[in-house]
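Enquirer: turn this into a model:
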Amino acid sequence: MGMPDLELERELIERGRAPVAGIDEAGRGPLAGPVVAAAVILPRGYSQEFLDDSKKVSSKRRDLLYEELTRDSQVYWGVGFAEVGEIDELNILRATHVAMERAALALPVQPAFCLIDGLDVPGFPLEAKGVVKGDGISLSIAAASIIAKVTRDRRMQELADEFPVYGFAKHKGYGTQIHMKALREYGPCREHRRSFAPVAKLIQ
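Expert: I've put the predicted structure just below:
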């Protein structure tokens with residue numbers, strides 16, 4: 001499969017839907033920490049040969065892309081968080097949608113249209129459509145995936161300093177063997193998602 005490009009954005013702009021934002025999230029699967037979304041509007045004709053879905057890019061390259069995107073005055077971006085309490089209260093899907101809405105509304109300019117990684121988001125406050133595997137198709141969504149992932153990883157690093165016994169810096173809250181062992185030993189902290197089965201079982 002090829003690299004993501006601006007074809008979807010171009011089609012929308014030609015139909016009078018400018019600017020177009022790409023939206024993606026990081027952290028739906030982990031047992032701890034927030035879910036983080038980012039929204040990005042790239043300038044027309046933007047190119048960056050290494051910009052791809054964050055899962056296909058090394059940690060070092062993600063950091064470099066993050067710095068490049070966030071320091072470029074022609075790139076507009078916003079991030080949104082849904083914290084652990086909201087995830088437990090709403091469920092992870094709805095909390096993800098809330099984070100995506102917050103990211104879109106945090107943009108310094110309002111997009112005319114949003115391309116959202118995955119399925120359509122019901123009740124989204126702006127005109128939008130879901131793009132399945134969008135982070136490998138749309139360059140704007142790929143940029144959002146990088147910003148969301150790096151933002152969340154940095155938050156997990158902060159939480160690792162606050163709760164050193166769980167190893168958050170290594171696994172970012174995912175249910176690895178090391179994480180599960182620490183959970184069994186120390187029980188959950190306030191950053192653990194109590195609505196997620198592996199954590200809920202330990203509380204019982």
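
Enquirer: not counting its neighbours along the chain, what's nearest the spatially most central residue of the chain?
Expert: For the chain, Glu25 is the residue whose C-alpha lies nearest the centre (C-alpha atoms, centre = their mean; 2.2 Å). Of all residues not flanking Glu25 in the chain, Ala37 sits nearest, at 4.3 Å (C-beta to C-beta, 6 or more residues apart in numbering). C-beta: built from backbone N, CA, C; applies to glycine.

Enquirer: direction included, what does the helix or strand harbouring the residue nearest to the centre of the chain pair up with?
Expert: Assigned by DSSP states H and E, Glu25 belongs to strand 20-26. Each strand paired with strand 20-26, and its direction, by DSSP bridges: strand 35-41 (antiparallel), strand 113-117 (parallel).

Enquirer: for Gln204, find the nearest of the ones you listed.
Expert: Closest to Gln204 of these is strand 35-41 (C-beta to C-beta; 24.2 Å).

Enquirer: send the alpha carbons of the closest one over as CSV?
Expert: Taking Å, rounded to 0.1, in the frame of the first residue of the first chain, the C-alpha atoms of strand 35-41 are listed here in CSV:
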residue,chain,number,x,y,z
VAL,A,35,-7.5,8.7,25.2
VAL,A,36,-6.0,11.5,23.2
ALA,A,37,-7.2,12.9,19.8
ALA,A,38,-5.6,15.4,17.5
ALA,A,39,-7.0,17.4,14.6
VAL,A,40,-4.8,18.8,11.9
ILE,A,41,-5.3,21.1,8.9
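
Enquirer: now the element after the helix of greatest length in the chain, going C-ward?
Expert: Longest helix in the chain by number of residues (criterion: DSSP state H): helix 139-162. Downstream of helix 139-162, the first helix or strand assigned by DSSP H and E is helix 168-171.

Enquirer: contacting residues around that following helix?
Expert: 32-33, 156-157, 159-160, 176, 178-179, 191 (C-beta atoms under 8 Å, 6 or more residues apart in numbering).

Enquirer: next, the buried residues of that helix.
Expert: 168, 171 (16 or more other C-beta atoms under 10 Å).

Enquirer: quick one: mean pLDDT over that helix.
Expert: Helix 168-171 shows an average pLDDT of 97 in the prediction.

Enquirer: okay, and the helix or strand of the chain with the least pLDDT?
Expert: Ranking every helix and strand in the chain by mean pLDDT, DSSP states H and E puts helix 197-203 at the bottom, with a mean of 91.

Enquirer: buried residues in that one?
Expert: Val199.

Enquirer: mind giving me the packing neighbours of that helix?
Expert: The contact analysis (3 or more C-beta pairs under 8 Å, 6 or more residues apart in numbering; DSSP states H and E) places helix 197-203 against helix 177-186.
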